[in-house]
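J.: Dropping a prediction and its sequence here:
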Amino acid sequence: MHKRIHLSEEVREALAESRPLVALESTIISHGMPFPENLESALTSERIIRENGAVPATVAVIGGKVRVGLSHDELTYMGEQSGIRKASRCDLPVILATGRDGATTVATTMLAAERAGIAVFATGGIGGAHRQAQHTFDVSADLLELGRSSVAVVCAGAKSILDIGLTLEVLETHGVPVIGYRTDAFPAFYLRDSGYPVDDRVDDMTVLAEALRLKWELALTGGLVIANPIPAEHEMEPELINGCIAEAVAEADRRGIRGKDVTPFVLARLHEVTEGASVAANKALVYNNARVAAELAVAYAQLSS
């Protein structure tokens, strides 16, 4: 383990005892919701993971160290502090060298989880290929990391502000299986069906865990996307969401907002237009992913033992 990667005592003990762990990102804390709602959401995700038999390991960069497994005080710090930089793979070297803080994205959380030996990661939604990416080459580092780091990412698909078709094409190119857990459709975050199918559907958690084991035993490096739709009772109205997103994306374009600044801008607009309903849906899908990720981590640990 590199000296700049610090494992909490709880994570170290769980790894030593081969207990199931689930990684969690910190961008959702520092950039997803206001304090204290963000802290409450993070603590609830960790609680759900524990209740389903696994150990949570939230990842963040604090004081120039990648910390895997945060204390309550560290979670509070990430939630309270404003201006913490989003830390993707390209940002990490300078953030570490200068001793600063960083909220880990899907890409850097995957990287840290693999280095620590954690096989399963729960998040809200993955980044993807932005609209017109065939011209702008605006493709999230999340997709490239999925081709590199051997971690299963449980998510509610990708946000519909992205080009879902191009996103799936990029994943296929990098050899990343897109598996629907009890669904044939690739979800679009607030929506259960993006209009695109998954590569395979798996309904049995043991079979899903076996797919992870066999992939990595065969030296098929890289991750897997485990697509887990938002619970039906929390799904938002497609026409409302798609209309709001189209308006917000157009406004971002008019303002010259580009790259990684587009998503937080659009999500803030959605929060305003839906009067907070989008945040409630966001929480519901994150908690659902935490539960499924814990179940997968338990099943994978049982197979590995």
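T.: Cool, got the structure.
J.: how about residue 268, phi and psi?
T.: Main-chain dihedrals, residue 268, degrees, to the nearest 10: phi -60, psi -40.
J.: Quickly note the distance from it to residue 164.
T.: According to Cβ to Cβ, to the nearest Å, residue 268 stands 22 Å off from residue 164. For every residue, glycine as well, the C-beta is placed using N, CA and C.
J.: What count of nearby residues applies to residue 271?
T.: 17 (other Cβ atoms under 10 Å).
J.: sorry, back to before: which of residue 268 and residue 164 has more residues huddled nearby?
T.: A direct count of neighbours by other Cβ under 10 Å for residue 268 and residue 164 places residue 164 higher, at 21 against 12.
J.: number of nearby residues for residue 33?
T.: With other Cβ under 10 Å as criterion, residue 33 counts 20.
J.: ok, now residue 50?
T.: Neighbour tally, residue 50, other Cβ under 10 Å: 14.
J.: Which secondary structure state does it sit in?
T.: helix (DSSP: H, G, I helix; E, B strand; the rest coil).
J.: excluding its backbone neighbours, what's nearest it?
T.: Nearest residue to residue 50, sequence neighbours excluded (Cβ to Cβ, 6 or more residues apart in numbering): residue 56, at 6.5 Å.
J.: again with residue 70
T.: Per Cβ to Cβ, 6+ apart, closest to residue 70 is residue 58, 4.5 Å.
J.: Shouldn't that neighbour be within a strand?
T.: Yes: under three-state DSSP, residue 58 sits within a strand.
J.: Could you report the pLDDT at the residue of the chain positioned farthest from its centre?
T.: When distances are taken from the C-alpha mean of the chain, residue 254 lies farthest, 28.6 Å away, according to Cα atoms, centre = their mean. Residue 254 is assigned 91 on the pLDDT scale.
J.: And for residue 260?
T.: In this model, residue 260 carries a pLDDT of 68.
J.: Who are the contact partners of the residue nearest to residue 70?
T.: By Cβ atoms under 8 Å, 6 or more residues apart in numbering, the residues touching residue 58 are 23, 24, 25, 26, 29, 42, 46, 69, 70, 75.
J.: ranges for the strands of the stretch 151-300 of the chain?
T.: 152-155, 178-181, 185-188, 191-197, 200-202, 224-227 (DSSP state E, counting those that start in this stretch).
J.: just checking, what packs against the fourth one?
T.: To tie it back to what came earlier, the one meant is strand 191-197. helix 164-173, strand 185-188 (3 or more Cβ pairs under 8 Å, 6 or more residues apart in numbering; DSSP states H and E).
J.: cool, and the last one?
T.: Contact here means 3+ Cβ pairs under 8 Å, 6+ apart; on that basis strand 224-227 packs against strand 152-155, strand 178-181, helix 205-217, helix 277-304.
J.: can I get those in CSV with mean neighbour count, mean pLDDT and distance to residue 116?
T.: As requested, these are arranged in CSV below (neighbours: other Cβ atoms under 10 Å; pLDDT from 0 to 100; distance: least, Cβ to Cβ, whole Å):
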stretch, mean neighbour count, mean pLDDT, distance to residue 116
strand 152-155, 27, 98, 14
strand 178-181, 21, 98, 23
helix 205-217, 16, 98, 15
helix 277-304, 21, 95, 13
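J.: how about those, which one is nearest residue 123?
T.: Nearest to residue 123, of all these, is strand 152-155, at 5.1 Å by Cβ to Cβ.
J.: Within the sheet, what are the partner strands of that closest one, with directions?
T.: strand 120-122 (parallel), strand 224-227 (parallel) (DSSP bridges).
J.: Comparing these, which comes out most buried?
T.: strand 120-122 (a mean of 30; mean count of other Cβ atoms under 10 Å).
J.: distance between the very next helix or strand once past it and the chain's centre?
T.: For strand 120-122, the following helix or strand on the C-terminal side (DSSP states H and E) is helix 133-136. Mean-position distance between helix 133-136 and its chain equals 23 Å (Cα atoms, centre = their mean, to the nearest Å).
J.: try stretch 273-282
T.: 19 Å.
J.: With stretch 287-303 instead?
T.: So, by Cα atoms, centre = their mean, the centroid of stretch 287-303 is 15 Å from its chain's centroid.
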